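Undergrad: Whatever this is, show me its structure:
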Amino acid sequence: MADALTLAQALAEPTSLALDTDWTGLITAARAEQLLGTLAYRLDGLPLPEDVAQLFADARAAAENGRRAALWEAEMARRALAPLGCPVVLLKGTAFVAAGLLAGRGRSIGDLDILVPRASLDAVEAALIAAGWEWVKPDPYDDAYYRRWMHELPPLIHRTRDRMIDVHHTILPLTARVTPDADALIAAARPLGNGLSVLSPTDMIVHAAAHLLADGDLAGGLRNLWDIHCLIEEHGTAGLDERAAHHGLSREAARAQRLSHRLFATPVAPEHRGLRSFDRLYLRRLLARDDWGRPIRPFIRFAFYVRSHWLRMPPAMLTRHLWTKWRRG
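TA: Residues are numbered from 1 along each chain as shown. This next block holds a predicted model:
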């Protein structure tokens, strides 16, 4: 396997795997891309070598444990924030499993991500600290940078459960060239019936596209693109273009649909099926993983790393930030 294309094909069409599949390579790439649990669910019920079947059974069990842990952490945050009476919207993997979505099936879940109104940040911060969360970044510069320019508070970790929480007030850094409508995201959120909410289906897709293409170097991008595929499979794309335009993310949502259609045959509108000029570079970055799980294509990875910083900050600000970080080691 030259890159992670076989992994993408296995996710899209599990029955396409040949009898002589390089299982070690496929599993190693899936683990490196945090897609092992997802792949295990996709292949569940298919005839597999005995040792591979046992490994995937273990991966499904681990994913189920991760699902329960994520939901418990969401409940702990709910209890801490309930007295405030402010909206609390779950994001990313925890939102998928809390809402019982296809995108949550086997998904690897790390930090708890929540979205709250910006006006509630101080109260949310105080309530979480009172409930046992502590700062991860004690450096004054990092703390000030997060509070002034980022789309979230500095990350917090619970002192006894050792679980991280990222408290967002919007979905892209304040320095980014795109300014999504955070108030509209919260207003359209769907209640779960327990005091927590999740984004509307179209906003979930827009957020996933923003996270994939407007806020990073595409590290872990194959998992994020699979999220988009699952969300479209389950909810379709009705109203998606209009909602993406409202948030200023039309280009990102359209490219995400083209890439997802190319790798996973995602059912999208005809105008979002053919690849455009730079889409192939994005594909090469998304698949830049060999069958030992090692990153490949260093030049493309570096180019997207530079691009991620360019998207986040104007040049003068980026220069000052990098200079400050370099001086601090």
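Undergrad: mind showing which ranges of the chain have poor pLDDT?
TA: 1, 137, 313-329 (pLDDT under 70).
Undergrad: Break down it into its strands, ranges please.
TA: Counting by DSSP state E, the chain has these strands, from start to end: 89-91, 112-115, 133-135, 156-158, 164-168, 190-191, 197-198.
Undergrad: So for Val97, what's the nearest residue that isn't a sequence neighbour?
TA: With sequence-adjacent residues excluded and distances taken as CB to CB, 6 or more residues apart in numbering, Val97 is closest to Gly104, at 3.8 Å. Quick note: C-beta positions are derived from backbone N, CA and C, even for glycine.
Undergrad: thinking again about what came up before, in CSV, list the strands of the chain along with mean neighbour count and distance to Arg280.
TA: What follows is the strands of the chain, written out as CSV (neighbours: other CB atoms under 10 Å; distance: least, CB to CB, whole Å):
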stretch, mean neighbour count, distance to Arg280
strand 89-91, 24, 30
strand 112-115, 25, 31
strand 133-135, 16, 42
strand 156-158, 19, 39
strand 164-168, 21, 32
strand 190-191, 13, 36
strand 197-198, 22, 33
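Undergrad: can I get these in a markdown table with distance to Arg79?
TA: Shown next, in a markdown table, are the strands of the chain (distance: least, CB to CB, whole Å):
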| stretch | distance to Arg79 |
| --- | --- |
| strand 89-91 | 14 |
| strand 112-115 | 13 |
| strand 133-135 | 12 |
| strand 156-158 | 12 |
| strand 164-168 | 13 |
| strand 190-191 | 17 |
| strand 197-198 | 16 |
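Undergrad: so which of these comes closest to Arg243?
TA: Each of the strands of the chain was checked against Arg243 via CB to CB, and the shortest separation belongs to strand 190-191, namely 14.0 Å.
Undergrad: hang on, the earlier thing: and Ala256, which of the strands of the chain is closest to it?
TA: That would be, of the strands of the chain and by CB to CB, strand 89-91, which comes in at 16.6 Å.
Undergrad: Mind listing the strands that closest one pairs with, and their directions?
TA: When pairing is defined by DSSP bridges, strand 89-91 lines up against strand 112-115 (antiparallel), strand 197-198 (parallel).
Undergrad: which one of the ones you listed lies closest to Pro138?
TA: When the strands paired with strand 89-91 are ranked by proximity to Pro138, the top entry is strand 112-115, at 20.6 Å, counting by CB to CB.
Undergrad: Residues touching the closest one, excluding its own?
TA: 70, 73-74, 77, 88-92, 94-95, 163-171, 182, 185-186, 199 (CB atoms under 8 Å, 6 or more residues apart in numbering).
Undergrad: quick one: it to chain centroid distance?
TA: In this view, strand 112-115 has its centroid 11 Å away from the chain centroid, taken as CA atoms, centre = their mean, to the nearest Å.
Undergrad: and it, C-alpha only, in PDB?
TA: Once non-C-alpha atoms are left out, strand 112-115 reads as follows in PDB (Å, rounded to 0.1, in the frame of the first residue of the first chain):
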ATOM      1  CA  LEU A 112     -14.700  17.000  25.300                       C
ATOM      2  CA  ASP A 113     -15.600  20.000  23.000                       C
ATOM      3  CA  ILE A 114     -18.500  22.300  23.900                       C
ATOM      4  CA  LEU A 115     -19.800  25.500  22.500                       C
END
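Undergrad: when you give positions from now on, start the count at 20
TA: Okay, residue one is now 20; in that scheme the one you just asked about reads as strand 131-134.
Undergrad: how close does the closest residue to Gly44 other than its chain neighbours sit to Ala31?
TA: Excluding its sequence neighbours, the residue lying closest to Gly44 (CB to CB, 6+ apart) is Asp310, at 2.9 Å. When distances are taken as CB to CB, to the nearest Å, Asp310 and Ala31 turn out to be 18 Å apart.
Undergrad: Quick check, Trp245 in contact with Thr57.
TA: Yes - Trp245 sits in contact with Thr57 when judged by CB atoms under 8 Å, with a separation of 6.5 Å.
Undergrad: Overlap in contacts, the two.
TA: Between them, Trp245 and Thr57 share the neighbouring residues Leu30, with contact defined by CB under 8 Å, 6+ apart.
Undergrad: Hmm, Arg304 is touching Leu237, no?
TA: Yes - with contact defined as CB under 8 Å, Arg304 counts as touching Leu237 (4.9 Å).
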